[in-house]
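> Need the 3D shape of this:
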Amino acid sequence: MVSMRALECLVAIVDQGSLTKAAAALHMSQPALSHQIAAIERELGTAVVERLPRGIRPTAAGLAAAAEARVALSAADRAVMAGRRVAAGTGGRIRIACAETMTAWVLVPVLRSWRRRFPDVELDLKEYTSADRMLEVLRAGAADIAVGPPPTLTDEHVEVLGREEIVVVASAEHRFSRMDAVPLAELAAEPLVLYNPGNGHGVWVDQFAAQRGVVLPQPVLRTGSPRTAAQLAASGMGVAIVPFSALTPRPGGTIRSLDPVELRDVVVVVAAPHDDLLRRFVGDLKRRGLPASRLPDPGAAGRSSGTAGAA
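Sure, this is the predicted structure:
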């Protein structure tokens, strides 16, 4: 395999028309230059320069090889520049897997800032309804970071952005509107809006209820999205258990904390934690943190049905 240094030597000889001048231009000795040219000739099996009494002349093979060498050297320069742009945060690509409830809630402000500050960085976003599925995508090399609730189990690098509350949503006229908070057992007799099989939050709800010895009834309706579940429950289709991030846009109706209050982490799983570009992006996510992620204290004055704010 011909080295990039050998290709530089060949191009310099063609441009300078002299071994002496080419060696000077490359800041190397003439014997070292001749050694590089000999390596090319061994690889090609033919001469690339013809030695004349008064200098040298490139052969047809030498001219053809020099033309392609220019392309290769230019590509190598572009590769180096691309790497430097990525290291400086002014180029590259970040592939983001995000829980669908958290795109507008967490990501949009940071994405907007990066689009303005680093227009040459390509941001690729895909949304999912399962943290475990996002982890599979990341491990398969199809994503660089995953933003959402924690996956069931991971050995990957994890950064915690904050904690969000799990809340109950019902219609404005529902009996829960007269309660400060809702014990999970109260849902055992309620018509529920639950989730399609494989939905990560649906799996979490089932495990959460089982751990507390509560048997949830068969749902009156299933959906693939906690945001849709919140809207359906607020319209009177049943009662839903949703993460706080699903309240964007805010549904009407009644929104109440569980009793006791239930919080869960929101994390970033990072495929390559030492990558400078990813570190900068995750750092911005952590500095911004989560927006309002809990309902106010039930005892706070002026709390009204459906109202939520920062903790």
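
> Secondary structure element holding D259?
Using DSSP states H and E, D259 maps to strand 254-270.

> Now that strand: buried residues?
254-259, 262-264, 266-270 (16 or more other C-beta atoms under 10 Å). Backbone N, C-alpha and C define where each C-beta goes, glycine included.

> chain center to it: distance?
Per C-alpha atoms, centre = their mean, to the nearest Å, the displacement of strand 254-270 from the mean C-alpha position of its chain is 22 Å.

> Partner strands of that strand and their direction?
Strand 254-270 has the following sheet partners, assigned by DSSP bridges: strand 145-148 (antiparallel), strand 157-170 (antiparallel), strand 181-183 (parallel).

> Return the closest of the buried residues of strand 254-270 with respect to L33.
The nearest member of the buried residues of strand 254-270 to L33, counting by C-beta to C-beta, is V270 at 46.3 Å.

> Local confidence estimate at that closest one?
On pLDDT, V270 comes in at 96.

> any idea how far the nearest residue to it once chain neighbours are set aside is from D144?
Spatial nearest neighbour of V270, excluding adjacent residues (C-beta to C-beta, 6 or more residues apart in numbering): H157 at 4.6 Å. H157 is 12 Å from D144, where distance means C-beta to C-beta, to the nearest Å.

> Equivalent analysis for R287, please.
For R287 relative to D144 (C-beta to C-beta), the value is 19 Å.

> Neighbour count for these two, which is higher?
Legend: neighbour count by other C-beta atoms under 10 Å for R287 and D144, higher for D144 (22 against 8).

> ok so, going back, pull the number of nearby residues for the residue nearest to V270.
H157: 15 surrounding residues under other C-beta under 10 Å.

> residues of stretch 174-193 that come out buried?
174, 176-177, 179, 181-182, 184, 186-187, 190-193.

> Also stretch 61-68?
With burial defined by 16+ other C-beta under 10 Å, the residues of stretch 61-68 counted as buried are 61-62, 65-66.

> if I pick V110, what's in contact with it?
Taking C-beta atoms under 8 Å, 6 or more residues apart in numbering, we find V110 in contact with 281, 284-285, 288.

> mind redoing it with 7 Å?
Applying C-beta atoms under 7 Å, 6 or more residues apart in numbering, we find V110 in contact with 284-285, 288.

> One more: V14?
Residues near V14 by C-beta under 7 Å, 6+ apart: 58, 62-63, 66.

> at 6 Å instead, please
In this structure, V14 makes contact with 58, 66, judged by C-beta atoms under 6 Å, 6 or more residues apart in numbering.

> Nearest to A240 among the buried residues of stretch 174-193?
Distances from A240 to these, taken as C-beta to C-beta, are shortest for V193 (4.3 Å).

> what about the host helix or strand of that closest one, distance to the chain center?
Here V193 sits within strand 193-195, counting by DSSP H and E. Strand 193-195 sits 28 Å away from the centroid of its parent chain (C-alpha atoms, centre = their mean).

> Over to stretch 233-251?
Taking the mean of its C-alpha atoms, stretch 233-251 sits 26 Å from the chain's own mean (C-alpha atoms, centre = their mean).

> Downstream of the lengthiest helix in the chain, the next helix or strand is which one?
In the chain, with assignment by DSSP state H, the single longest helix is helix 60-87. Next in sequence after helix 60-87, counting helices and strands by DSSP H and E, comes strand 92-99.
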